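> When you get a sec, could you give me coordinates for this:
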Amino acid sequence: VQGYTGNPVFGVTRNPWDTALTPGGSSGGAVAAVASGIGPLALGTDAGGSIRRPASHAGLVGLKPTTGRVPRRGGLPPFVLVLDVVGPIARTVDDLAAAMRILGAADPDSVSLNGFGPFATASAPERPLRILYVPAFGAAPVDPEIADSVAEAAGRLADLGHRVETGRFDAATAITEAWPILGQAGIAWLMRAHPDRLDGLGPDIRALAEAGANLSASDLFDVQRMALALRQDLAALFAGHDLLMTPTAAALPWRAQETHPDRIAEMPVGPRGSATFTGFVNAAGCPGISIPCHPSGAGLPIGFQLVAPWGGDETLVSVAASYEAAHPWPMLWEGTDPRRACPSMPSMPQPAGRPKACACAFCPRGTDRRWSRRATLEPTGRSRIRSCAHGWPPVSTKSHSRSEISSGRRATVSWIWRRSASGSPIPSVIAICR
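Okay, the predicted model is just below:
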């Protein structure tokens with residue numbers, strides 16, 4: 001229900017890409033953990049963009065599944081009329097798809113009741129897709145760097161063979177403005193059921209609960225009416241297009257202590273100014289995914305959103321996988337400046353004559369990140385150790401027992417930076433067996 005993450009007990013959560021900034025919310029802790037390498041996956045809840053926007057702020061892929069695709073029995077309370085969902089956040093599309101195969105099987109009876117079968121393995125779309133690219137909703141502002149990055153991503157999707165058309169979809173504006181009403185009413189409902197928890201709320205959530213308690217039945221009816229109208233408009237849109245494309249968030253990450261940016265593209269905005277593009281997806285019950293695209297000039301992550309018709313989760317994941325294969329996004333520790341991961345680390349000089357593209361498995365600056373994130377493990381229990389052909393020093397790896405590794409097995413590799421005896425930075429890897 002909030003676009004940032006913080007509480008009176010632990011304080012604010014910070015963005016690993018720049019700790020002065022927020023990772024967004026409300027799944028800010030989840031994306032901060034995954035982006036910083038604490039874990040490969042996290043679960044988030046999405047009642048209006050709380051998986052997708054934080055994923056975009058942290059350089060991750062995040063999926064808001066179709067309503068009913070992931071079982072919620074015995075877990076998530078339906079405080080936004082069951083339009084809030086559980087979904088995965090990951091660094092790679094393969095990891096996200098693996099999580100969905102498990103989440104979708106958690107309660108087979110519940111999933112089958114909604115007409116879903118097992119989550120299919122991501123594969124390339126069988127045909128070029130018709131994608132409607134909507135740069136903005138009405139007059140709502142979008143950060144210029146986000147607009148440029150997402151426009152570039154639209155062109156890259158076209159280069160992959162999809163038919164991308166630029167257009168408008170202003171039908172989402174009304175529900176976007178009214179969407180906070182559902183969150184306020186839901187929190188008030190939860191507090192009425194658990195009055196003993198009211199004193200434990202922070203001031204921001206308490207204010208939302210109080211606002212929800214003052215809503216009328218007609219206020220909720222208006223939101224439901226808008227949601228029905230939106231679904232009809234989306235049905236008309238998807239009659240001529242397979243996917244809808246927008247920016248994921250309208251603003252770049254802002255200062256960590258603030259609940260929202262006060263201006264976007266030099267225009268004043270309110271608490272939901274950065275959330276323009278996400279709430280309508282929940283209202284329609286459709287699946288939506290955030291995919292990293294070209295970062296800002298300061299190196300901050302940016303994401304674009306794809307939305308599919310009800311039940312189109314596998315289509316979204318397959319398009320994301322093909323986009324990642326063609327344009328892999330950097331991880332935090334693979335940034336072009338190792339000082340991002342360690343402010344005290346000196347810059348590593350770039351070897352002269354390095355080509356624009358590098359496919360060396362141990363080149364930390366290689367633009368082909370699919371190779372720079374992988375190494376071949378040998379039966380000895382260590383990775384093949386060699387210098388990069390373009391002049392980077394050898395890397396060291398964590399040993400694994402023979403039982404963990406078989407000949408030719410592949411492993412995901414995470415880059416970290418350490419100092420050598422002489423004080424120069426050396427790229428090291430920790431090989432994680434699969």
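
> Which residues are in contact with the residue nearest to Ala326 when sequence neighbours are not counted?
Closest residue in space to Ala326, ignoring its immediate chain neighbours: Leu160 at 6.1 Å, by Cβ to Cβ, 6 or more residues apart in numbering. From N, CA and C alone the C-beta is placed, and that goes for glycine too. Going by Cβ atoms under 8 Å, 6 or more residues apart in numbering, Leu160 touches Ser322, Tyr323, Ala326.

> can you count the residues close to the second one?
This means Tyr323. 23 (other Cβ atoms under 10 Å).

> and the gap between it and Pro16?
Going from Tyr323 to Pro16 by Cβ to Cβ, to the nearest Å gives 23 Å.

> now do Leu198
For Leu198 relative to Pro16 (Cβ to Cβ), the value is 33 Å.

> Same question for Ile264.
Remark: distance between Ile264 and Pro16 (Cβ to Cβ) = 23 Å.

> Kindly report the same for Leu43.
For Leu43 relative to Pro16 (Cβ to Cβ), the value is 18 Å.

> now do Pro77
For Pro77, the distance to Pro16 equals 30 Å [Cβ to Cβ].

> same thing with Arg101?
Arg101 is 27 Å from Pro16, by Cβ to Cβ.

> The two: who's more crowded?
Pro16 (22 against 13).

> Tell me where this structure has helices.
In the chain, the helices defined using DSSP state H lie at 28-35, 52-57, 93-103, 108-113, 144-159, 173-178, 180-193, 203-213, 217-240, 279-284, 313-326, 369-372.

> Please compute how far the first one lies from its chain's middle.
Between the centre of helix 28-35 and the centre of its host chain there is 10 Å, according to Cα atoms, centre = their mean, to the nearest Å.

> Next, the angle from it to helix 93-103.
Between the axes of helix 28-35 and helix 93-103, defined by axes from the mean of the first three to the mean of the last three Cα atoms, to 10 degrees, the angle is 130 degrees.

> who touches helix 28-35?
Under Cβ under 8 Å, 6+ apart, the answer for helix 28-35 is 4-5, 13-17, 22-24, 39-44, 54-55, 57-60, 62, 89-91, 331-332.

> Pull out the buried positions in that helix.
Gly28, Gly29, Ala30, Val31, Ala32, Ala33, Val34, Ala35 (16 or more other Cβ atoms under 10 Å).

> Repeat that for the fifth one.
Using 16+ other Cβ under 10 Å as the test for burial, helix 144-159 gives Glu145, Ile146, Ala147, Asp148, Ser149, Val150, Ala151, Ala153, Ala154, Arg156, Leu157.

> Can you name every helix or strand that it contacts?
Using 3 or more Cβ pairs under 8 Å, 6 or more residues apart in numbering; DSSP states H and E, the elements in contact with helix 144-159 are strand 130-133, strand 163-166, strand 243-247, strand 288-293, strand 302-307, helix 313-326.

> Next one: the nearest residue to Gly48 once chain neighbours are set aside relative to Arg53, how far apart?
Residue nearest to Gly48 in three dimensions, not counting chain neighbours: Gly279, with 4.1 Å by Cβ to Cβ, 6+ apart. Applying Cβ to Cβ, the value for Gly279 to Arg53 is 10 Å.

> what about the two, which has more around it?
Neighbour totals were compared for Gly279 and Arg53, and Arg53 leads with 33 against 25 (other Cβ under 10 Å).

> Let me see the contact set for that one.
Shown in contact with Arg53 (Cβ under 8 Å, 6+ apart): Gly3, Gly24, Gly25, Thr248, Ala249, Ser274, Ala275, Thr278, Ser290.

> ok now do the fourth one, which residues does it touch?
Thr248 makes contacts with Gly49, Arg52, Arg53, Ala55, Ser56, Phe277, Thr278, Ser290, Ile302, Gly303, Phe304, Gln305, as judged by Cβ under 8 Å, 6+ apart.

> Point out where this protein drops to low pLDDT.
1, 106-113, 122-123, 333-434 (pLDDT under 70).

> so how far is Thr176 from Ala136?
12 Å.

> what's the overlap in contacts for the two?
With Cβ under 8 Å, 6+ apart as the test, Ala136 and Thr176 both reach Thr276.

> Looking only at neighbour counts, state which of the two leads.
Thr176 (22 against 18).
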